[in-house]
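# I would like to see how this sequence folds:
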Amino acid sequence: MSYCLGIKTQDGLVMASDSRTSAGADQVNTCQKMYRFEMPDERVFVILTTGSLSVSQSLITLLRTDFSAGRGLAAAPTFYDAVREVGAQMRSVSEIDREYLQRDGYSFNVHILIGGQIKNQEHELYMIYPQGNPLRSTEDSPFLQIGEAKYGRPILDRGVRGNGTTLHEAAKYALLSIDSTIRSNATVGPPVDILVYGSGELHLQRHRRFGATDPDLMDIHSRWEQSLRRAVSDLPGIQFPYDQE
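Below is the predicted model of the structure:
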């Protein structure tokens, strides 16, 4: 399993992913799940993938081939058209592989997050389902998740507030969300990739990979746990009827 998320704020986007892949308890590997497509000063896209690694790699290969030739993501007139291009390529891979996967008992499983911006348009964040259909983030739902999402969702639900959350804060929420998932689920693990994109930059320049022993990641992990324990300690005690007799 794996976990990826994207957060859209008024000021830009935060994209984050873990790097663990597994095909059983004795086949655990590291593989980056963040892919960047960039035409500086014209358009930028960041794609995160979860699900079957072979399917996602086939999809990315097709997208990169088109992008290098000036097609697909490189030529889409709007961000929605770009999202639809990704969905169309997912269907292409499905046509090639789905029958053979299902024949041997495997599901066609790939989910996509795509964020970025085309010049003179708003920055956007979408999720794309295995069938190729997209879901757009909104101010009421400013973050999207794929993969093992349940452990990292509570902090996002409680903290991320659409246009009320700064890009700097969103990056910290994203890292804590993945850290919480790693803490509770062995199928999600470092390195952790974090990319921060400011609206209008049209260049992907703020990316960082946190290894398992990265001192900043370890410091954030430690401080967060200590802060949680202090917050619980500071809460008023729970009163029971027996205590009042």
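
# enumerate the positions of stretch 35-50 that are buried.
Y35, F37, E38, M39, R43, V44, F45, V46, I47, L48, T49, T50 (16 or more other CB atoms under 10 Å). Where C-beta positions appear, they are placed from N, C-alpha and C, glycine not excepted.

# farthest pair in the residues you listed?
M39 and T50 (25.9 Å; CB to CB).

# follow-up on the earlier one: among the buried residues of stretch 35-50, name the ones in helices.
The members of the buried residues of stretch 35-50 all map outside helices under DSSP state H.

# any chance of those in JSON lines, plus distance to N109?
Formatted as JSON lines, those follow (distance: CB to CB, whole Å):
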{"residue": "Y35", "distance to N109": "18"}
{"residue": "F37", "distance to N109": "23"}
{"residue": "E38", "distance to N109": "28"}
{"residue": "M39", "distance to N109": "30"}
{"residue": "R43", "distance to N109": "29"}
{"residue": "V44", "distance to N109": "27"}
{"residue": "F45", "distance to N109": "22"}
{"residue": "V46", "distance to N109": "21"}
{"residue": "I47", "distance to N109": "16"}
{"residue": "L48", "distance to N109": "15"}
{"residue": "T49", "distance to N109": "11"}
{"residue": "T50", "distance to N109": "8"}
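
# between those, which sits nearest K119?
Out of the buried residues of stretch 35-50, the member with the shortest distance to K119 (by CB to CB) is R43, at 6.3 Å.

# surely that closest one and H123 touch.
No: between R43 and H123 there is no contact under CB atoms under 8 Å: 10.9 Å.

# list the residues that contact both of the two?
Here R43 and H123 share the contacting residues G116, Q117, scored by CB atoms under 8 Å, 6 or more residues apart in numbering.

# which SSE is I194 in?
Secondary structure from DSSP states H and E places I194 in strand 192-198.

# what's that strand packed up against?
strand 12-17, strand 34-39, strand 43-51, strand 110-118, helix 167-184, strand 206-210 (3 or more CB pairs under 8 Å, 6 or more residues apart in numbering; DSSP states H and E).

# and the ones you listed, which is most packed in?
Of these, the one with the most neighbours on average (mean count of other CB atoms under 10 Å) is strand 12-17, at a mean of 26.

# and it, what's its mean pLDDT?
Averaging pLDDT along strand 12-17 yields 97.

# worst-scoring helix or strand of this structure, pLDDT-wise?
strand 28-30 (a mean of 69; mean pLDDT, DSSP states H and E).

# thinking again about what came up before, give the pairing partners of the strand holding I194; include direction for each.
Here strand 192-198 is paired, per DSSP bridges, with strand 12-17 (antiparallel), strand 206-210 (antiparallel).

# and the last one with helix 167-184, angle?
Right, strand 206-210. With axes from the mean of the first three to the mean of the last three CA atoms, to 10 degrees as the basis, strand 206-210 and helix 167-184 are set at 20 degrees to each other.

# could you give me the average pLDDT of the next helix or strand after strand 206-210?
Once the chain leaves strand 206-210, the next helix or strand it forms, by DSSP H and E, is helix 215-234. Here helix 215-234 scores 94 as its mean pLDDT.

# right, I'll call it a day here.
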